[in-house]
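Trainee: requesting a structural model of the entry that follows:
(chains A and B)
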Amino acid sequence: SQQGEEDPQALSIQEGENATMNCSYKTSINNLQWYRQNSGRGLVHLILIRSNEREKHSGRLRVTLDTSKKSSSLLITASRAADTASYFCATDASGANSKLTFGKGITLSVRP
Amino acid sequence: SAVISQKPSRDICQRGTSLTIQCQVDSQVTMMFWYRQQPGQSLTLIATANQGSEATYESGFVIDKFPISRPNLTFSTLTVSNMSPEDSSIYLCSVEDRFSGIVSYNEQFFGPGTRLTVL
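Mentor: Down below sits the predicted model:
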């Protein structure tokens, strides 16, 4: 079964706006990772946040993790048309020995 | 992070045939994995490729259908055997590097994927 569930399933915004995507999961985790996939190509690793971290930044990306609510959010600030892609969260469950479980993904469209 | 390449990048195959996909990493890595992404779907782990031993398969995937080799720490192959249209998917390899000396947090990096269409 899916461990991570992202919402919304699809998001359309104007260039320059911020995009917020959420991920919820069911069991305890070691870490949570966010990936981007452009047009059915390979996955690009965006950021990893550990279970003992609450917030992490990388360029225009900001990820938060709330283990009490079993949820994470990915914020992309000042979005660009090139940010148009599918975004996935993946969880590494405690004791799962490297297995990642992916959510269904969010389709982000950034209009020029 | 390691640079990962896959061959072929895409292929169109006839049902009943087999296709072998290669995954090459530019440095030694501890763990290598194979995933399948069916059209419009998320990623599902097929198996963990173990160096020098049989792969560890996830529920629903069997060695006869998806034989995997990993002869060394930089290379792995996945074969999709006796293909049917239901095997049309993107197949991705990923790696996790524990040689960096930093405690691993299971950070995985993916190859560019192989888009397979079975007619």
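Trainee: partners of the one helix or strand in chain A whose mean pLDDT sits lowest in the sheet?
Mentor: Using mean pLDDT, DSSP states H and E, the weakest-scoring helix or strand in chain A turns out to be strand A:5-7, at a mean of 78. Strand A:5-7 pairs in its sheet with strand A:19-24 (antiparallel), by DSSP bridges.
Trainee: what comes up buried for the strand it pairs with?
Mentor: A:19, A:21-24 (16 or more other C-beta atoms under 10 Å in any protein chain shown). (Glycine included, C-beta is placed from N, CA and C.)
Trainee: so how far is residue B:1 from residue B:107?
Mentor: 8 Å (C-beta to C-beta, to the nearest Å).
Trainee: return the residues of chain B in contact with chain A.
Mentor: Residues of chain B lying near chain A by C-beta under 8 Å from any C-beta of the partner chain: B:1, B:6, B:31, B:33, B:37, B:41-45, B:48, B:90, B:92, B:94, B:96, B:105-113, B:115.
Trainee: now do the contacts for residue B:44.
Mentor: If you count contacts by C-beta atoms under 8 Å, 6 or more residues apart in numbering or on different chains, residue B:44 has them with A:102, B:35-38, B:58.
Trainee: of those, buried ones?
Mentor: A:102, B:35-37.
Trainee: nearest to residue A:34, of the residues you listed?
Mentor: Among those, residue A:102 lies closest to residue A:34 (C-beta to C-beta), at 10.7 Å.
Trainee: wait, that closest one touches residue A:86, no?
Mentor: No: with contact defined as C-beta atoms under 8 Å, residue A:102 does not reach residue A:86; the gap is 10.9 Å.
Trainee: distance between the ends of stretch A:36-47?
Mentor: 10 Å (C-alpha to C-alpha, to the nearest Å).
Trainee: one step back: of the residues of chain B next to chain A, which belong to helices?
Mentor: If you go by DSSP state H, these have nothing in helices.
Trainee: so which of those residues belong to strands?
Mentor: B:6, B:31, B:33, B:37, B:43-45, B:48, B:90, B:92, B:94, B:96, B:109-110, B:115 (DSSP state E).
Trainee: of the residues you listed, grab the buried ones for PyMOL.
Mentor: Burial among these is assessed by 16+ other C-beta under 10 Å; the matching PyMOL selection reads:
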select buried, chain B and resi 6+31+33+37+43+44+45+48+90+92+94+96+109+110+115
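Trainee: re the thing from before, between the contacts of residue B:44, which sits nearest residue A:29?
Mentor: Using C-beta to C-beta, the contacts of residue B:44 come closest to residue A:29 at residue A:102, 13.0 Å.
Trainee: could you check how far that closest one is from residue A:74?
Mentor: Counting by C-beta to C-beta, the gap from residue A:102 to residue A:74 is 14 Å.
Trainee: now residue B:89
Mentor: Distance from residue B:89 to residue A:74, by C-beta to C-beta: 25 Å.
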